[in-house]
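# okay, structure incoming, though there's no sequence with it:
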Ligand SMILES: Cc1cc2nc3c(=O)[nH]c(=O)nc-3n(C[C@H](O)[C@H](O)[C@H](O)COP(=O)(O)OP(=O)(O)OC[C@H]3O[C@@H](n4cnc5c(N)ncnc54)[C@H](O)[C@@H]3O)c2cc1C
Ligand SMILES: NC(=O)c1ccc[n+]([C@@H]2O[C@H](COP(=O)([O-])OP(=O)(O)OC[C@H]3O[C@@H](n4cnc5c(N)ncnc54)[C@H](O)[C@@H]3O)[C@@H](O)[C@H]2O)c1
């Protein structure tokens, strides 16, 4: 049994943990990085990358099928084994890249073990070794929730940790959870020819505000069933699994459980670290420094359940690592504008803050009537842009729109640059592009906020450019 001494111990070698270790070392600290597997990050192995690879195949199948609307006849034949083989092959390339960066860490940095706290700066490992550290970064990520009723049908369940290992596509798939994870994979599977139905206990899709969620619901339910406000009961049925709900029943080969990803904190014995926990058992922390209370303990990435997306895990790890190394000399960061994107088609996105109540205006555009969207045969969705009524300063937006992943970035950047709707209208908009749709919503903001539009620009609608203003 060894006792290791270090300046900074990082628990978890995912995106947040790797960033924390790197930046603590850059700041001059000695470091130890502890992980039971060093398998690669969630993003590369079972998250962002394999899901987007599956979506890429689904886009290809859908594009071929839709081509006939443009007068091009094609009938796709989906080879499920080949699709999944490509997903894994390219996924493994991404994972190899992560593993190479782990292999390149200075010798002795990595400890292959599961860690838990014995005291504030003391960790015990499941190898029996101990680590004593001046500061600790918790970067243990999150894992799939398994609601109790689903334990009885375990053999038929898939999660994001197993779905990409399938050798072939199932014939049918029930999806529990209409968050980004459930919806992205449900739509991809549907487009690849799998019979899909989605169930969610809540009333929103992909965490979107009501109007954007309704718009996405309208589009997606043209293709497959989505039941909201529904917690079906699972049971074994022949070689598959049945879901029963009030007034209905359906059988599936497999169920994908996408019911959220709570942080991996339960095995850490956080109470021994003396941390104050919130009602979910997550340490209270300062999002400007990532410090937990006033302890020399920092928490980053999905483990803190604050902004569980990749770019935030990376940034939070950077701040946590730097501050752990310099503790008690902490540096505070201003957070980026919140940005989350669900890669459904059309994409759903929430940017900044969605205000509720007076003091704000909401400019709207209907992508059902937008020039470039018509050209592409993608006339679906909307964008709502929120701004302060007093000066038109942009504060947030919700989208369900073709090209939404790009529109969302433009809006996030404009909000972070503290632009007004008029400022944004003053920027170049090429023609004919999906971005032109945003001009309708920005003009709508200017009108409602009594804001002058740039005098030297013609921002009136061009034929076949802007979308219409939706009612309501
Ligand atoms: C299917 C899916 C798709 C996604 N798509 C996107 C997307 O398109 N865009 C986006 O921005 N985000 C996406 N995300 C979210 C993104 O993947 C996560 O926010 C990000 O990977 C979190 O990184 P992390 O470092 O916090 O956790 P992880 O990468 O999960 O790392 C946590 C590490 O901690 C280790 N660990 C756990 N407990 C212990 C312990 N006790 N001791 C030692 N080590 C421990 C684990 O082994 C693991 O290596 C997706 C997630 C999923 C599941
Ligand atoms: N594009 C992206 O950025 C992306 C994609 C996939 C996943 N992710 C991340 O992965 C994490 C997990 O995603 P998620 O979609 O699973 O989480 P989520 O929490 O966003 O959604 C889970 C959904 O499951 C529903 N649910 C929970 N228990 C249920 C039950 N018993 N029956 C029916 N419905 C139930 C909830 O109402 C909720 O809508 C999130 O942190 C997300 O940010 C991100």
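Great, that's in hand. Keep in mind the model is a prediction, meaning the values are calculated, not measured. Residues are numbered from 1 along each chain as shown. Ligands and ions are numbered 1, 2, ... in the order given.
# which residues touch residue 217?
205, 226, 228 (C-beta atoms under 8 Å, 6 or more residues apart in numbering). Every residue, glycine included, has its C-beta placed from N, CA and C.
# name the SS class of the second one, please.
Assigned state for residue 226: strand (three-state reduction, DSSP: H, G, I helix; E, B strand; the rest coil).
# contacting residues for residue 412?
336-337, 339, 351-352.
# actually residue 197, sorry about that
Residue 197 touches 174-175, 224-227, 243, 250, 252, counting by C-beta under 8 Å, 6+ apart.
# and if we set it to 10 Å?
By C-beta atoms under 10 Å, 6 or more residues apart in numbering, the contact list for residue 197 reads 172-175, 186, 190, 224-227, 232, 243, 248, 250, 252.
# find the nearest non-adjacent residue to it, please.
Distance criterion C-beta to C-beta, 6 or more residues apart in numbering; nearest residue to residue 197, sequence neighbours excluded, is residue 225 at 4.5 Å.
# that neighbour and residue 250 touch, don't they?
Yes. Here residue 225 lies in contact with residue 250, judged by C-beta atoms under 10 Å, at a distance of 8.3 Å.
# please produce a markdown table containing the contacts of residue 217, extended by neighbour count, pLDDT and distance to residue 414.
Formatted as a markdown table, the contacts of residue 217 follow (neighbours: other C-beta atoms under 10 Å; pLDDT from 0 to 100; distance: C-beta to C-beta, whole Å):
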| residue | neighbour count | pLDDT | distance to residue 414 |
| --- | --- | --- | --- |
| 205 | 28 | 98 | 25 |
| 226 | 21 | 98 | 32 |
| 228 | 15 | 98 | 32 |
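# nearest to residue 257, of those?
residue 226 (16.0 Å; C-beta to C-beta).
# for whichever residue of the stretch 251-400 of the chain sits closest to ligand 1, phi and psi?
Here the residue of the stretch 251-400 of the chain nearest ligand 1 is residue 301; by C-beta to the nearest ligand atom that distance is 2.3 Å. Backbone torsions of residue 301, given as degrees, to the nearest 10, read phi 80, psi -160.
# just give me the neighbour total for the spatially closest residue to it that is not a sequence neighbour.
Setting aside the residues directly before and after it, residue 301 is nearest to residue 16 in space (C-beta to C-beta, 6+ apart), at 2.8 Å. Look at residue 16: counted by other C-beta atoms under 10 Å, it has 36 neighbours.
# how about the residues of this structure near ligand 2?
Residues of the chain lying close to ligand 2 (C-beta under 6 Å from any ligand atom) are 147, 176-182, 184, 199-202, 207, 231, 258-261, 308-309, 340-343.
# change it to 5 Å
Residues of the chain lying close to ligand 2 by C-beta under 5 Å from any ligand atom are 147, 176-177, 179-181, 200-202, 231, 258-261, 308-309.
# domain assignment for this protein?
3-144+262-326, 148-257, 339-456 (automatic domain parsing).
# isn't residue 414 up against residue 441?
No. In this structure residue 414 lies outside contact range of residue 441 using C-beta under 10 Å: 11.9 Å.
# neighbour count winner among the two?
Counted by other C-beta under 10 Å, residue 414 and residue 441 do not tie: residue 441 has more neighbours, with 28 against 23.
# the strand or helix carrying that one - contacts with which helices or strands?
Applying DSSP states H and E as the criterion places residue 441 in helix 436-449. If you count contacts as 3 or more C-beta pairs under 10 Å, 6 or more residues apart in numbering; DSSP states H and E, helix 436-449 packs onto strand 360-366, helix 371-376, strand 382-388, strand 394-401, helix 404-416, helix 421-425.
# now it against strand 360-366, angle please.
Helix 436-449 runs at 150 degrees relative to strand 360-366, counting by axes from the mean of the first three to the mean of the last three C-alpha atoms, to 10 degrees.
# could I get the buried residue list for helix 436-449?
Going by neighbour count (16 or more other C-beta atoms under 10 Å), the buried part of helix 436-449 is 436-446, 448-449.
# right, and residue 275 touches residue 117 too?
Yes. Using C-beta under 10 Å, residue 275 is in contact with residue 117, at 8.6 Å.
# okay, and the common contacts of the two?
Contacts common to residue 275 and residue 117, judged by C-beta under 10 Å, 6+ apart, are 138, 268, 297.
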